[in-house]
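Enquirer: Whatever this is, show me its structure:
(chains A, B, C and D, ligands or ions: 4)
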Amino acid sequence: MGEASELFPLIVRMDEEGELVGDLGLLSKQDLVDIYREMRLLRAFDERAWNLQRQGVIGTYAPYKGQEAAQLGATKPLHESDWLVPTYRDWAAGYVRGVPVTHGLFFSKGHPRVGDVPKSAKVLPAQVVIGAQTLHGVGVAWATKLRNENAATIVTFGDGSTSEGDVHEAMNFASVFSVPLIFFCENNQWAISVPIERQMRAKTIAQRALAYDMEGFRVDGNDYVAVYNLVSELADRARRGEGPFLVEAVTYRLGAHTTADDPSKYRVVADEERWAKRDPIARLEKFLLRESLIDEERILAVDAAAKEWVDEVLADFKAELSISSSVLFQNVYAEMPQSLANQFDHYQKRAKEVRA
Amino acid sequence: MGEASELFPLIVRMDEEGELVGDLGLLSKQDLVDIYREMRLLRAFDERAWNLQRQGVIGTYAPYKGQEAAQLGATKPLHESDWLVPTYRDWAAGYVRGVPVTHGLFFSKGHPRVGDVPKSAKVLPAQVVIGAQTLHGVGVAWATKLRNENAATIVTFGDGSTSEGDVHEAMNFASVFSVPLIFFCENNQWAISVPIERQMRAKTIAQRALAYDMEGFRVDGNDYVAVYNLVSELADRARRGEGPFLVEAVTYRLGAHTTADDPSKYRVVADEERWAKRDPIARLEKFLLRESLIDEERILAVDAAAKEWVDEVLADFKAELSISSSVLFQNVYAEMPQSLANQFDHYQKRAKEVRA
Amino acid sequence: MAKLTIAQALNAALAQALEADDSVIVLGEDVGKDGGVFRITDGLLDRFGKDRVIDTPLAESGIVGTSVGLAIAGMKPVAEIQFLGFIYETMDQIASQASRVRFRSLGRYSAPMVIRTPYGGGVKAPEIHSDSLEALFTHTPGIKVVTPSNPYDAKGLLLAAIDDPDPVLFLEPMRLYRAFRDEVPDEPYRVQLGRANVVREGADITLIGWGPSVPLLKAAADDLAARYDVSAEVIDLMTLTPLDEETIVESVKRTQRAVVVHEAVRTSGFGGEIAAVIQEKAFLYLEAPIFRVTGYDTPYPTTMFEDLWLPDTTQVVATALDAIRY
Amino acid sequence: MAKLTIAQALNAALAQALEADDSVIVLGEDVGKDGGVFRITDGLLDRFGKDRVIDTPLAESGIVGTSVGLAIAGMKPVAEIQFLGFIYETMDQIASQASRVRFRSLGRYSAPMVIRTPYGGGVKAPEIHSDSLEALFTHTPGIKVVTPSNPYDAKGLLLAAIDDPDPVLFLEPMRLYRAFRDEVPDEPYRVQLGRANVVREGADITLIGWGPSVPLLKAAADDLAARYDVSAEVIDLMTLTPLDEETIVESVKRTQRAVVVHEAVRTSGFGGEIAAVIQEKAFLYLEAPIFRVTGYDTPYPTTMFEDLWLPDTTQVVATALDAIRY
Ligand SMILES: Cc1ncc(C[n+]2csc(CCOP(=O)(O)OP(=O)(O)O)c2C)c(N)n1
Ligand SMILES: Cc1ncc(C[n+]2csc(CCOP(=O)(O)OP(=O)(O)O)c2C)c(N)n1
Ligand SMILES: [Mg+2]
Ligand SMILES: [Mg+2]
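Expert: Ligands and ions are numbered 1, 2, ... in the order given. Predicted coordinates for the structure are as follows:
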């Protein structure tokens, strides 16, 4: 039975040449124009963040470059009452749900505001312990079920995360309690320096679903049309009580693991180039050009808009940098215990001395 | 894909009526006579242990009644250089490998000698953290591989254990590093009060193998002939470097979880009766009687031998009860640190006072 | 008012919490049909149904991790870990997740949940089942650690823990589950978290402990009074974090001597923290070192040796006298 | 003899251990091709091959748990946990498994293995990456806890840890990995486990710390001497368990004052244990309480605040003066 993987053929609707090999499903051509623009903006942000780190403006940053179709395809179908429980690389996904993309910068800056997610967004703040959030995803979905909220939850995680025990426990709990959850794995082929073939012997992540009698799907994660349609359908089904589901979105981390990482130590350029050709934005652009939905002029306009938008974002970021150290002590418990209040006094005295 | 379970039909060679539905494979009829006798002895021991607890001679005891075919089938095929990494209910399995069955009593008595496994047995001492030993099994098998020892390792665990993250990590590591290991799950249908259907949504444990591109098998765990032949073949293949494998042995915990447990709180008598009919010893007896390999007289002789053997075992047990408390302090580190030596002095003084 | 054991008092508290608030759910291994291996959740499944009282798969990190998600999304999970020794499996979900939800989200989210678990020795349980690991969690900011020593406090503290806006680790001394009965009010009531209890007043020495050690301390105080004319004050901490330093320090300032008792192994046990705090805050009052009576620095022994391994009254009395005569 | 950083000294020690003993293997996340996220295992894969230097799947319990089995069956695993904050995932395999193999088997089996992991703050890492959790393991009988503060000790302690017949948690102060260089002998050598190091002698107060805090203590001692004419003795514990009580207690008996410094959060940090031991063993010598300079009782902050959150020299000096003037 080495062929479990064959049960999960890759779902593609638009191939890397921007040719439709399926239909647009729930999407209109105009949707694709809009999404192209949004991905370009987000790509511009990601690239700028990289540069900001190089300039020393922010700290370690984990780029999502190459994973935009997966992240947007996973979140655009969600309703307001649905939840996103993201992995730490999902600033584009969070953005779709209403978390300012600046949070990626706060994160890399080591700024507490990274956790300040608007409650209306129904997004949990990113956490860094690989895989741990999958259990939170199960719990959130379970809560919506117990409260009859008619909501779907999507939890995202990387390929490397699938090795963690927590992810197994999450999938087992989710299936035992039939929670309205989509496990959305962004298989970007790498966990820092470890390629997926060393992470597991199984040929696909989708086949993990077989262990739980859960439905599993393998989708081209660089094909927005495919991801969007799949997640739309599964979110609907989850809301109807048919969850959980496992989706493996096959994509690629075009950049380094983080700004602190040097991929040349462990991967070959040929591989990177091969995947660059499958870029989710490039294929959309090809499609839109061919269909005359955009032209060169429009592309230049998007370039300009992207730059402008990123500048605005950075202005917001800088404006929001100032924050009181009290958040450190105030958010440990709902009420600050006496001993911690004493420690806060001590901290503030030191802070004053240092400033003096 | 709700049919993953169909890929793992139950392997049976001797059905519950003691009819052969396959051949004996590597076993001779005489082997079956011997194994019948051995299982009867071990059953007698298990029942006596239960009574000893009721009489207050020992503490909490976890009976293996009903799982003898699985435990013996899993261990009889092993070579001297092979390893057994057992779960805490596997006194019969340990016995096959040369661990005195008294260890079951030491365990329930809270006696340190439970860990005193003869090194030649190549058996790890039982540990109680559900699932944790599966990783040790992987490590042991991996070591034999790195040292070219041409040995197979078998690690046993219960159905409930499969929910633990450690078991997932173990299966993933084992398959990634192709270690010569058999994951042997004694699916006795219950984890204390939780039936397998609440433990997981998947219909079989064997199908978990699909998640790791590992070979999986589902065998009638109450059929010694089937288990023995399957494990023999897999151990051979493991030694040849074809591991790991997952075996689900479908059996039943005929007794309570432990002497402290009351199954009437959570399971119905009809179920217990149904499974009692599938008793591994009864079916062997039917076969042997039908084939005239034993007769009523021989059965009585086995009864007597069993009683005698259990009496001997108990005598050994009592003779070995005395032990110095120094084992408590001496086995924390290879060399006792000064502060611990001081604590040992303190302990000894108290012990003297209490005795006085 | 009925005379209840700790086990019954806890069961009553859970029933009343489930009754009062639809968002409260009870989950864990064997908590449903079986009513828990110690029967603390007995009868709750029948009364509240399987959406409120939930038998989970055998996976501790799963139990705590899903509870974090449940709590964030508005439920009030009361999770059971079958024995404290298995809490290791959940350390990340407790220490890096549950305890940080409020901190990580700048207060936007919180994870009000209770993790109940029996602990302590003396019941002849197998390895790992008797370990006292409270110190690991007193070293974890963001979670409260609570442990009752009698039926009245058990009910009141558990109800307060369920009300609490932050995660609470609720440690139940398993040896005391059915050791004795006390009057326990029928109606729901709360015993405030964060307050230590002076269970006996005294002038010569302060004996400090929690959970399973409290009966020892009381017996030691009796013995000290009866045989040595020593008046011992006994403090039951009840809440380990946040610690009620004031009650401890004020007491020791008066008595000038203290003994701390716990079953956990000595090194880096919570007794060390208490000794450190007292000597820092009451240094000039002390007439003797703060002594500790604790488990030894070995794994909890197989039960054959546990009685001698555990702190006992004789040892507490002897140590108190050492302090008095220092 | 070359001038090496701690990172280089550790790399040299690993290479020599792999060279000397075929049963030594190095395993962990990204330790192979990448050479470790801090490059501590750089070049080892090329030199010793993929059966000796092993990139594992992303699963910490798996890394430690398989190492237990490997060690029992005769290998000497040197496992890396990428950051100490992720050690929570492995608590059961460390505390209930590795640390108990000898105890559980009445000495028949043992699990000689080393778990290396970077720890401590000050490098602007994301949440969980800077936590100091040593106290959890000093509360765990059966494992040794070792932490160097300079290149010489780093190499010698790591080689001794690999030789040791028991499991060793080897904590590497990540802020110091490349902070400075020291002369380090080329040949293999051992620095004995279980011994504290008096790195500076002094008469007026004892400053105690380990790993990342040691440079602070030295700077504080300099400052105390230069500006306040206070002669401070500095002790680098190097091994936290088993603790070299004698060196500590003898020192404090002479100086009569002590300050303990660590980055871990204050409550139930290892500093509390040390204070408890000192006051117990040297009570009559003490002229002031043992003070602690530690992290605050909050989760390790996002890096924006870490400099102020962490102990610093100013604070150590001020606290030492508090003790002197008490
Ligand atoms: C429990 C844990 N172990 C290790 C790490 C260090 N680490 C951070 S990201 C990463 C790789 C994650 O790979 P993957 O899950 O594929 O996500 P990706 O980075 O590709 O988005 C590792 C090992 C961590 N953050 N948490
Ligand atoms: C980590 C952990 N959690 C909980 C327990 C308590 N416990 C002991 S046995 C058991 C059920 C085990 O079920 P299974 O794995 O099917 O083995 P069986 O008892 O049927 O042999 C439980 C929950 C434990 N020992 N370890
Ligand atoms: Mg990845
Ligand atoms: Mg079972």
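Enquirer: which residues sit in contact with residue 186?
Expert: As the question left the chain open, I've gone with chain A. Taking C-beta atoms under 8 Å, 6 or more residues apart in numbering or on different chains as the criterion, A:Glu186 is in contact with A:67, A:70-71, A:87, A:89-90, A:156-159, A:221, A:249, A:251. The C-beta positions use only the backbone N, C-alpha and C, and glycine is treated the same way.
Enquirer: looking at chain C here, not the other one
Expert: By C-beta under 8 Å, 6+ apart, the residues touching C:Asp186 are C:1-2, C:12.
Enquirer: Just grab the bridge partners of C:Lys3 for me.
Expert: Residues in a beta bridge with C:Lys3, per DSSP bridges, are C:Glu183.
Enquirer: Report how many residues lie close to it.
Expert: 11 (other C-beta atoms under 10 Å in any protein chain shown).
Enquirer: List the contacts of it.
Expert: Going by C-beta under 8 Å, 6+ apart, the list of residues near C:Lys3 reads C:181-184.
Enquirer: From those, pick the one nearest chain B.
Expert: If you rank these by distance to chain B using C-beta to the nearest C-beta, C:Arg181 comes first, at 22.1 Å.
Enquirer: follow-up on the earlier one: need the contacts of A:Glu186 in JSON lines with pLDDT and secondary structure, can you?
Expert: Shown next, in JSON lines, are these (pLDDT from 0 to 100; DSSP: H, G, I helix; E, B strand; the rest coil):
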{"residue": "A:Gln67", "pLDDT": "98", "secondary structure": "coil"}
{"residue": "A:Ala70", "pLDDT": "98", "secondary structure": "helix"}
{"residue": "A:Gln71", "pLDDT": "98", "secondary structure": "helix"}
{"residue": "A:Thr87", "pLDDT": "98", "secondary structure": "coil"}
{"residue": "A:Arg89", "pLDDT": "97", "secondary structure": "coil"}
{"residue": "A:Asp90", "pLDDT": "97", "secondary structure": "coil"}
{"residue": "A:Thr156", "pLDDT": "98", "secondary structure": "strand"}
{"residue": "A:Phe157", "pLDDT": "98", "secondary structure": "strand"}
{"residue": "A:Gly158", "pLDDT": "98", "secondary structure": "strand"}
{"residue": "A:Asp159", "pLDDT": "98", "secondary structure": "coil"}
{"residue": "A:Gly221", "pLDDT": "98", "secondary structure": "coil"}
{"residue": "A:Ala249", "pLDDT": "98", "secondary structure": "strand"}
{"residue": "A:Thr251", "pLDDT": "98", "secondary structure": "coil"}
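Enquirer: Kindly reformat the residues you listed as TSV containing distance to B:Pro77 and neighbour count.
Expert: Below are those laid out as TSV (distance: C-beta to C-beta, whole Å; neighbours: other C-beta atoms under 10 Å in any protein chain shown):
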residue	distance to B:Pro77	neighbour count
A:Gln67	49	29
A:Ala70	47	33
A:Gln71	51	32
A:Thr87	44	24
A:Arg89	48	23
A:Asp90	49	29
A:Thr156	45	29
A:Phe157	40	29
A:Gly158	41	26
A:Asp159	37	25
A:Gly221	45	30
A:Ala249	44	31
A:Thr251	45	28
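Enquirer: Could you save those residues as CSV and add columns showing distance to ligand 1?
Expert: Shown next, in CSV, are these (distance: C-beta to the nearest ligand atom, whole Å):
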residue, distance to ligand 1
A:Gln67, 8
A:Ala70, 11
A:Gln71, 11
A:Thr87, 6
A:Arg89, 4
A:Asp90, 9
A:Thr156, 9
A:Phe157, 6
A:Gly158, 2
A:Asp159, 4
A:Gly221, 12
A:Ala249, 12
A:Thr251, 10
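Enquirer: Provide the backbone phi and psi angles at A:Pro195.
Expert: Backbone dihedrals for A:Pro195, given as degrees, to the nearest 10, come out at phi -80, psi 160.
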